[in-house]
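K.L.:
Task: produce atomic coordinates for the following.
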Amino acid sequence: MKRKLLPLALPLALSLALLAGCAPAPGPSPSPTAEETPSPTPAAAVDFHAFLDEVNETRRAVIEDGEPLDITAWTPDFTDQNHTFTDEEMEVLLTPHDPAENLTLEQAREDVETAFTLLRTTYGAYEYFGGDEVFDGLREDALARLEEADPALPLADAVADALYAVLSPVVRDGHFVVDNRHLIEPYELSPYYVPGVYIDDPTGLDEDYIKPTIGPDGAITYGFYALSHDGSDLPDTVGEYDGLNWTQCKPVRTLSGTAFSEGQCQGIPMLESHRMYAERSGEEEQLERFASCGGEYAGAPLLIFDVRGNPGGSDRWFMSWFEGWTGQPAQPRQAFGQRYSQLRRQNSTLSYPEEWMGTWGVSSSGGDWVEREGYTFLLTDGGTASSGETVVEHLYSVENTLVVGAPSGGCALVPNNMHLYLPNTGVELYFGTGLCFHDTMENRDGIGYLPDLWVPPVEAPVAVARMCEYYGLEG
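P.N.:
As a prediction, the model looks like this:
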């Protein structure tokens, strides 16, 4: 007999708290009142320490027992490309501009050719995604699409459409943008869940749809969580559970005017990193505070680190914080390569000595496992990307860290991105000059780093606080 699912009702006060999350506060939040105490979950609790030990052992083994990560096959020298562009051409390629007046089809063809020359000479994942053998065919396909474009379509749009159409099925790169369209779109998976349902025993149920979560009383239990492009492929029935109401687990959309803030969530210290760059007055000072305060939290028995909605910026702020917090530089298991191309050197924010041009800077590290007594809860969602995901990658190497929320955005394969503009049409390309893998050789772009405990992101801080109370982790 199928079990028809009925959502577990939560008290109104708790529901409002979940929607609000935990904002920075000058002091401890008041303890929940009797009316705010969540209803007991019908699912049996998972032992916290057994769960954490398994996470620790899995991550430690990746760092200490895994094979070295090797990207040398995709990072050959390319000194023959050192003089591909003149200084004048590079100036045009690096400067935003409108399409040429009276743009011709021949000029549009030239821009398609230029786009593929840019990829061949500058793009960090060019060899990873197949090199000339793949991209030469894509170039011919793009030129053919341009010839077949609707004559009523502006030629600049036709160029952008042709490039997007041929690149998006091949280039799984979360950063890569063609004229405001992300190539990763066909690959992106979003988290979905069935609200209010907790599972006592997941044995025999498909692991694609069952994940560890935090129940309404704070116990670690199981719920229905899955990844899907649009939810249309998710089943109505899993095992004996029928009538599954899959709902998208949306990222937190923060309107915060801060880059970094410190506060508490029900008495637990909580650091909120909204972005790794200064966009408003005063945010440079906030980032400086972020970089310098790690040592103040080194002995914290409990710590919530919130990077929900963090789109990235510069890693340096977090790197400084990490060293202060752990007493050692961040050293995850990774392979990193940086392409020293002609255009990268011309870009003032990414310049390097001329003698490096035409080579790759490649490094590989087995990583260091960082032992730590306190418990760290890292909050992530689909808005956690780029340098926001750097936090995830590095905290994976720290003992007693649990990631809570939804998968990160999946935007980590190709770092050091830059804006380029095709000379005749002005079509913008945004892509990177590096290549990077963490822990394994898996490309996570479009999927992201999966949490240890799956929780709707908006509920994550309060869920962690409930869990800490349930298991007596207050210290």
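K.L.:
from here on, contacts and neighbour counts on C-alpha atoms
P.N.:
OK.
K.L.:
Surely Glu113 touches Glu140?
P.N.:
No. If you go by CA atoms under 8 Å, Glu113 and Glu140 don't touch, sitting 9.2 Å apart.
K.L.:
Verify the stated contact: Met357 with Asp80.
P.N.:
No. Contact criterion CA under 8 Å: Met357 and Asp80 do not qualify, at 10.1 Å.
K.L.:
out of the two, which sits in the more crowded spot?
P.N.:
Met357 (21 against 9; other CA atoms under 10 Å).
K.L.:
If the residue nearest to the more buried one when sequence neighbours are not counted is in a bridge, with which residues?
P.N.:
Closest residue to Met357 apart from its sequence neighbours, by CA to CA, 6 or more residues apart in numbering: Tyr340 at 5.0 Å. Residues in a beta bridge with Tyr340, per DSSP bridges, are Thr359.
K.L.:
pLDDT score for Tyr340?
P.N.:
Per-residue pLDDT puts Tyr340 at 95.
K.L.:
Check Tyr164 too.
P.N.:
98.
K.L.:
now the helices: where do they sit in the stretch 351-475 of the chain?
P.N.:
For the stretch 351-475 of the chain, applying DSSP state H, counting those that start in this stretch gives helices covering 387-395, 460-470.
K.L.:
my bad, the stretch 1-150 of the chain
P.N.:
12-20, 48-65, 87-93, 105-122, 131-147.
K.L.:
same for the second one, what does it pack against?
P.N.:
To tie it back to what came earlier, the one meant is helix 48-65. Other helices and strands packing on helix 48-65, by 3 or more CA pairs under 8 Å, 6 or more residues apart in numbering; DSSP states H and E, are strand 401-405.
K.L.:
swap in the last one?
P.N.:
Counting by 3+ CA pairs under 8 Å, 6+ apart, the packing neighbours recorded for helix 131-147 are helix 105-122, helix 155-167.
K.L.:
Burial-wise, tell me which of the ones you listed comes out on top.
P.N.:
With neighbours taken as mean count of other CA atoms under 10 Å, the helices and strands packed on helix 131-147 reach their highest mean count in helix 155-167, at a mean of 21.
K.L.:
which helices and strands sit right next to it?
P.N.:
helix 105-122, helix 131-147, strand 177-178.
K.L.:
The same query, at a cut-off of 6 Å, please.
P.N.:
helix 131-147 (3 or more CA pairs under 6 Å, 6 or more residues apart in numbering; DSSP states H and E).
K.L.:
ok, the residue lying closest to Asp132 once chain neighbours are set aside to Leu429 distance?
P.N.:
Leaving aside its sequence neighbours, Asp132 sits nearest to Arg120 (CA to CA, 6+ apart; 7.6 Å). Look at Arg120 and Leu429: by CA to CA, to the nearest Å, they are 14 Å apart.
K.L.:
ok, now which ones touch the residue nearest to Met357?
P.N.:
357-360 (CA atoms under 6 Å, 6 or more residues apart in numbering).
K.L.:
give me that answer again for 7 Å
P.N.:
Shown in contact with Tyr340 (CA atoms under 7 Å, 6 or more residues apart in numbering): 356-360.
K.L.:
In TSV, list the residues you listed along with distance to Pro154 and pLDDT.
P.N.:
Below are those laid out as TSV (distance: CA to CA, whole Å; pLDDT from 0 to 100):
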residue	distance to Pro154	pLDDT
Trp356	40	93
Met357	37	93
Gly358	36	96
Thr359	39	97
Trp360	38	97
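K.L.:
are any of the residues you listed buried, and which?
P.N.:
357-360 (16 or more other CA atoms under 10 Å).
K.L.:
which stretch among the helices of the stretch 351-475 of the chain comes nearest Gly130?
P.N.:
Proximity to Gly130 (CA to CA) singles out helix 387-395 among the helices of the stretch 351-475 of the chain, at 25.7 Å.
K.L.:
got a list of contacts for the closest one?
P.N.:
276, 307, 310-315, 330, 332, 401, 408, 438.
K.L.:
Looking at those, which is nearest Leu422?
P.N.:
Gly313 (25.0 Å).
K.L.:
in terms of contact, does that closest one touch Arg275 like I think?
P.N.:
Yes. Between Gly313 and Arg275 a contact is recorded at 6.5 Å, counting by CA atoms under 7 Å.
K.L.:
okay, the two: which has more neighbours?
P.N.:
Neighbours were counted for Gly313 and for Arg275 using other CA under 10 Å; Arg275 has more, 24 against 15.
K.L.:
could you measure that one against Gly367, distance?
P.N.:
Separation of Arg275 from Gly367 (CA to CA): 25 Å.
K.L.:
that older thread, ok, so of the contacts of Tyr340, who is nearest Gly383?
P.N.:
Using CA to CA, those come closest to Gly383 at Trp360, 30.4 Å.
K.L.:
ok, now which ones touch the closest one?
P.N.:
Contacts of Trp360 by CA under 7 Å, 6+ apart are 75, 77, 337-340.
K.L.:
ok, for it, nearest residue in space, not its chain neighbours?
P.N.:
Nearest to Trp360 is Arg339, by CA to CA, 6+ apart, at 4.6 Å.
K.L.:
possible to save the buried ones among the contacts of Tyr340 as a markdown table with distance to Thr203?
P.N.:
Formatted as a markdown table, these follow (distance: CA to CA, whole Å):
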| residue | distance to Thr203 |
| --- | --- |
| Met357 | 56 |
| Gly358 | 54 |
| Thr359 | 52 |
| Trp360 | 48 |
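K.L.:
No further questions, thank you.
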